[in-house]
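Engineer: Sequence first, then the predicted structure, then my questions.
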Number of protein chains: 2
Amino acid sequence: MNHPAVNRLSLNQITTEQWKLQEALEGCAKREVEWISIWRHKLHEYGVSETKKHLQETGIRVSSLCRGGMFPAATKQERKRRIDDNLRAIDEAAKLGTNVLVLVCGPSSDDNLPEARRHVQEGIEAIIPYAKECNIKLGIEPLHPMYAADRSVINTLGQANRLAETVGKEQVGVVVDAFHVWWDPELDSEIERAKGNILGFHVSDWKVPITDMFKGRSMMGDGVIELRKVRKQVEAAGYQGPIEVEIMNQALWDRPGDDVIREMIERYKSHV
Amino acid sequence: MNHPAVNRLSLNQITTEQWKLQEALEGCAKREVEWISIWRHKLHEYGVSETKKHLQETGIRVSSLCRGGMFPAATKQERKRRIDDNLRAIDEAAKLGTNVLVLVCGPSSDDNLPEARRHVQEGIEAIIPYAKECNIKLGIEPLHPMYAADRSVINTLGQANRLAETVGKEQVGVVVDAFHVWWDPELDSEIERAKGNILGFHVSDWKVPITDMFKGRSMMGDGVIELRKVRKQVEAAGYQGPIEVEIMNQALWDRPGDDVIREMIERYKSHV
């Protein structure tokens, strides 16, 4: 068997954005997908306690909560507001029984990258104590450099590793999303450097041409990323946890969710 | 005066793709733009000797020839063909009186990035002797990581620097295009590392959202890149040569070329 155990497969909820959270949970249960990564906007629609109850009924576990972060802002007051929102996210993660909050660190508010990167570090440092208290790990997910202007100023695994090392690896690690990092000439060495500190592994694919910057990801196998190779590297660096399928793609969202889940399982087996 | 000397401004010909080469030369002459970067498809349309004559008549100098590179290929025979084409490009560059051939190194033919990167190194090594004979410097231009699948497997300035150091800096340097490198957390240190070995500096802007991967660049001042800061860093690293404005943008191509040149000069003064 070349593919990873099917019981490591996790539906990152954005892959079935057309579904409400309760539908996604039922959809996973139907196809025996044992993990889900929950997005906060969907969680807030359904409610934390209803979600928790539904998770218990289906036996599905939460691989991570998406997402904390978004730390840089123009004013101290606004940065404080962002930190408070991260504390709420930590609370929600703990209630859902996951131990990982994914951090999408956020863009600069004024084109000043070094300052925005300082804000990210300060934001993470501010939430570490509460994350520790709640037993939640903070997973810094570097985003592809094409998102540096509008989504995150943390853009390489090297940068995420350095940041985790700076703020302390006890509570902070990295999330490796193949779509974001596959191109990096330093990928091999940075995955090694992250050894023991990888908190998540996300898969999708990069299909040429990318026609939409945000919704441009494809199903595993439809693009150029050597997913199996990256998965093995991540495993060699000690990560044996859930593998999230995270695909923003309008064509997938236009299909019946169950059809997407079915294909996701197939492609996980054939390409991850 | 904050802006760089106007006599350093160079029209990278792709910015006025709507123009033939003879029109671009006339257009530069009319607005007293002293430099041009010539693209080979336009050069071949007009002819090398006609171009040379026209350059002499107008007094315009060639900042670089775009482009060599495209080294990776599936077969040894095809790689040889690419190398031969690069030798012709070196010839053309020498005939035009520039001393820089820009290398856009090319994508992988089969999703194997490490192999494609080896092909790039081998390709450059193969053309160095002839470049030396012709007194042409080879400028490795790292392309933004979003082009890693379809345009170039050289995606950071660090990678370009290392490659230049490996093959030998006597004949090989780097080209810093702000659009490709602005996001890089290692930018400051990699520009410093390139000291004395920068062969070109290109400007345009990154406007959010990018709606077209290839033709998504904007006029300086319309986006988020701190162009003046990068320009000063490049100068501190010893580069005092022509500054090319290189903008692939359909909206610019739909306008009269002279209007684009006029705006380019204004924006160069106000934002570079």
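Structural biologist: That came in fine, so what should we check first?

Engineer: ok, the helix or strand harbouring A:Cys66: who's next to it in the sheet?
Structural biologist: Here A:Cys66, judged by DSSP states H and E, is contained in strand A:61-69. Paired neighbours of strand A:61-69 in the sheet (DSSP bridges): strand A:35-39 (parallel), strand A:100-104 (parallel).

Engineer: could you give the mean pLDDT of that strand?
Structural biologist: On average, the pLDDT along strand A:61-69 is 98.

Engineer: Go through it and flag the buried ones.
Structural biologist: Neighbour-count burial for strand A:61-69, counted by 16 or more other Cβ atoms under 10 Å in any protein chain shown, picks out A:62-69. Bear in mind the C-beta positions are built from the backbone N, C-alpha and C, glycine included.

Engineer: Also stretch A:111-126?
Structural biologist: If you call a residue buried by 16+ other Cβ under 10 Å, then stretch A:111-126 has these buried ones: A:111-113, A:116-117, A:119-120, A:123-124, A:126.

Engineer: and of those residues, the nearest to B:Ala5?
Structural biologist: Nearest to B:Ala5 among the buried residues of stretch A:111-126 is A:Asp111, at 25.2 Å by Cβ to Cβ.

Engineer: Name the helix or strand for the closest residue to that closest one other than its chain neighbours, please.
Structural biologist: Nearest residue to A:Asp111, sequence neighbours excluded (Cβ to Cβ, 6 or more residues apart in numbering or on different chains): B:Val224, at 4.6 Å. Following DSSP H and E, one finds B:Val224 outside all helices and strands.

Engineer: How about the residues of chain A by chain B?
Structural biologist: Neighbours of chain B within chain A, by Cβ under 8 Å from any Cβ of the partner chain: A:108, A:111-113, A:117, A:144-146, A:148-150, A:155-156, A:158-159, A:182-186, A:206, A:208-211, A:213, A:223-226.

Engineer: 7 Å - rerun?
Structural biologist: A:111, A:144-146, A:148-150, A:155-156, A:159, A:183, A:185, A:206, A:208-210, A:213, A:224, A:226 (Cβ under 7 Å from any Cβ of the partner chain).

Engineer: Restricted to strands, list the residues you listed.
Structural biologist: Among the residues of chain A next to chain B, the residues falling in strands (DSSP state E) are A:Trp206.

Engineer: Give the buried subset of the residues of chain A next to chain B as a ChimeraX selection command.
Structural biologist: Typed into ChimeraX, the line below selects the buried ones among the residues of chain A next to chain B, using 16+ other Cβ under 10 Å:
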select /A:111,144,145,146,148,149,150,155,156,159,183,185,206,210,213,224,226
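
Engineer: What is the nearest of the buried residues of stretch A:111-126 to B:Leu252?
Structural biologist: Closest to B:Leu252, out of all of these and judged by Cβ to Cβ, is A:Asp111, at 22.0 Å.

Engineer: The closest one reaches B:Leu227, doesn't it?
Structural biologist: No. A:Asp111 lies out of contact with B:Leu227 (Cβ atoms under 7 Å); the separation is 10.4 Å.

Engineer: Which neighbouring elements make contact with the helix or strand in which A:Ile83 is found?
Structural biologist: Using DSSP H and E, A:Ile83 sits within helix A:76-96. On a contact count with 3 or more Cβ pairs under 7 Å, 6 or more residues apart in numbering or on different chains; DSSP states H and E, helix A:76-96 meets helix A:40-46, helix A:48-58, strand A:61-69, strand A:100-104, helix A:113-133.

Engineer: among these, which is nearest A:Glu17?
Structural biologist: helix A:40-46 (8.6 Å).

Engineer: Apart from its neighbours in sequence, what residue is nearest the closest residue to chain B within the stretch 151-272 of chain A?
Structural biologist: Proximity of the stretch 151-272 of chain A to chain B (Cβ to the nearest Cβ) peaks at A:Trp183, 3.5 Å away. Nearest residue to A:Trp183, sequence neighbours excluded (Cβ to Cβ, 6+ apart): B:Ala148, at 3.5 Å.

Engineer: Name the residues of the helix holding A:Ile83 that are buried.
Structural biologist: Neighbour-count burial for helix A:76-96 flags A:79, A:82-83, A:85-87, A:89-90, A:92-96 (criterion: 16+ other Cβ under 10 Å).

Engineer: so how far is it from its chain's centroid?
Structural biologist: Taking Cα atoms, centre = their mean, to the nearest Å, one finds helix A:76-96 lying 17 Å from the centre of the chain it belongs to.

Engineer: Can you list the neighbours in contact with that helix?
Structural biologist: By Cβ atoms under 7 Å, 6 or more residues apart in numbering or on different chains, the surrounding residues in contact with helix A:76-96 are A:38, A:40, A:43, A:48, A:51-52, A:55, A:62, A:65, A:68, A:70-71, A:73, A:101, A:119, A:123, A:126-127, A:130-131, A:134-136.

Engineer: C-alpha coordinates for stretch A:131-150, CSV please?
Structural biologist: Below are the C-alpha coordinates for stretch A:131-150, written out as CSV (Å, rounded to 0.1, in the frame of the first residue of the first chain):
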residue,chain,number,x,y,z
ALA,A,131,-3.1,28.6,24.3
LYS,A,132,-0.9,26.8,26.8
GLU,A,133,-3.6,27.1,29.5
CYS,A,134,-6.1,25.5,27.1
ASN,A,135,-3.7,22.9,25.7
ILE,A,136,-4.0,24.3,22.2
LYS,A,137,-1.0,24.3,19.8
LEU,A,138,-0.7,27.2,17.4
GLY,A,139,0.1,26.1,13.9
ILE,A,140,1.7,28.8,11.7
GLU,A,141,0.7,28.1,8.1
PRO,A,142,2.9,29.9,5.6
LEU,A,143,0.9,31.0,2.6
HIS,A,144,2.1,31.1,-1.0
PRO,A,145,4.0,34.3,-1.8
MET,A,146,1.2,35.2,-4.2
TYR,A,147,-0.9,35.9,-1.1
ALA,A,148,1.7,38.2,0.5
ALA,A,149,-0.3,41.4,-0.2
ASP,A,150,-3.7,40.3,0.8
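
Engineer: can you count the residues close to the closest residue to A:Gly238 other than its chain neighbours?
Structural biologist: The shortest distance from A:Gly238 to any non-neighbouring residue, by Cβ to Cβ, 6+ apart, is to A:Gly196 (4.8 Å). Other residues within reach of A:Gly196, judged by other Cβ atoms under 10 Å in any protein chain shown, total 9.
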